[in-house]
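Student: sequence-free structure coming up:
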């Protein structure tokens, strides 16, 4: 039997694991973990010394010189913002911060205040210079009134970096699991998709994953109920309110975990009708679960998805 080694640790506010098969230098797992912890320290909005916090603190004042990885991830986020019609937006940090507090306290924020902030944010992002990047100096300048939050892309970027590190080290069979966002090197992993209506115990289906990544965005991970309404953590930056697209979960499968991470959030906000043509243009597959419990899959998953519940094929 092939040798199997594993490293489990916390970063990005979640539990992460690397599982590698074969005769390899075990120190590579420590090296990969240390890289992820470095990313966490660079991008945490809760760490006042992080590069993201420094950019936010100097918004409207001056550019901040950052590491190559921070510059690159912000550059990618700008591209994904354009690709997703503004639904993926790292500059709406003020809105995200309010909802994080509301979720922590299980208390509805002032919705009139939310709508006012969302309108101001909409006015801000109309300016293409909300984020100004100076590649020569590796510097980032943020427009006043905006705040960065790299949730929805940080784990994807990190997974891609670890995958590249492992491949460069000669590893040809591994699984990288960052809080449920999974990247597989090699063949033959059957990866479960959580049932959003029973997330602690239920699996709605399995994907056969080989040399691919799978990322899920769902409304069921953080939420509270007030006056019979569900308020969750996936915020539509265009309205400032929790997404209400008819989807409770969007799982994307493809080659690029960074893009998948951002696009999964966007598809959950856009919904199936708008999200499907977007995904097909990006050569990604998806499993989308509606509020009513219907499971929608794209054509490319026909032979790779094993359902635990009734499914409905979409897109041909």
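Tutor: Sure thing, it's come through. Everything numeric in this text was worked out from a predicted model, so none of it was measured. Numbering: from 1, shown residues only.

Student: quick one, helices of the chain?
Tutor: 27-43, 51-57, 68-83, 93-105, 111-125, 154-168, 257-270, 272-281 (DSSP state H).

Student: what's the third one in contact with?
Tutor: Applying Cβ atoms under 8 Å, 6 or more residues apart in numbering, the set of residues contacting helix 68-83 from outside is 39, 42-43, 51-52, 66, 88-91, 131, 133, 135, 138, 140, 148, 150, 153-154, 157, 161, 258-259, 262-263, 266, 278, 282. Any C-beta I mention is one placed from the backbone N, CA and C, and that applies to glycine too.

Student: can I get the buried part of the residues you listed as one PyMOL selection?
Tutor: If you want just the buried ones from these in PyMOL, going by 16 or more other Cβ atoms under 10 Å, the selection is:
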select buried, resi 39+42+43+51+52+66+88+89+90+91+131+133+138+140+148+150+153+154+157+161+258+259+262+263+266+278
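
Student: ranges for the strands of the stretch 151-300 of the chain?
Tutor: For the stretch 151-300 of the chain, strands defined by DSSP state E, counting those that start in this stretch occupy the ranges 174-178, 181-185, 189-194, 203-209, 213-218, 223-226, 229-232, 235-236, 241-242, 247-254, 285-290, 295-297.

Student: as a markdown table, those with mean pLDDT and mean neighbour count would be great.
Tutor: Formatted as a markdown table, these follow (pLDDT from 0 to 100; neighbours: other Cβ atoms under 10 Å):
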| stretch | mean pLDDT | mean neighbour count |
| --- | --- | --- |
| strand 174-178 | 96 | 23 |
| strand 181-185 | 96 | 23 |
| strand 189-194 | 90 | 18 |
| strand 203-209 | 91 | 19 |
| strand 213-218 | 96 | 25 |
| strand 223-226 | 88 | 13 |
| strand 229-232 | 89 | 16 |
| strand 235-236 | 95 | 23 |
| strand 241-242 | 94 | 18 |
| strand 247-254 | 96 | 26 |
| strand 285-290 | 95 | 24 |
| strand 295-297 | 92 | 21 |
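
Student: so what's the backbone phi/psi at residue 238?
Tutor: phi -80, psi -30 (degrees, to the nearest 10).

Student: touching, it and residue 122? I think so.
Tutor: Yes - here residue 238 lies in contact with residue 122, judged by Cβ atoms under 8 Å, at a distance of 6.7 Å.

Student: wait, residue 60 sits on residue 145?
Tutor: Yes - applying Cβ under 8 Å as the test, residue 60 and residue 145 come out as touching, 7.2 Å apart.

Student: who has more neighbours out of those two?
Tutor: Neighbour totals were compared for residue 60 and residue 145, and residue 145 leads with 17 against 10 (other Cβ atoms under 10 Å).

Student: spit out the contact partners of the more buried one.
Tutor: Applying Cβ under 8 Å, 6+ apart, one finds that residue 145 lies in contact with 59-60, 94, 120-121, 124.

Student: and for residue 115?
Tutor: Under the criterion of Cβ under 8 Å, 6+ apart, the contact list for residue 115 reads 239-240.

Student: same question, residue 218
Tutor: With contacts defined as Cβ under 8 Å, 6+ apart, the neighbours of residue 218 are 194, 196, 199, 234, 248-250, 268.

Student: ok, which of the strands of the stretch 151-300 of the chain comes nearest residue 114?
Tutor: strand 241-242 (6.7 Å; Cβ to Cβ).
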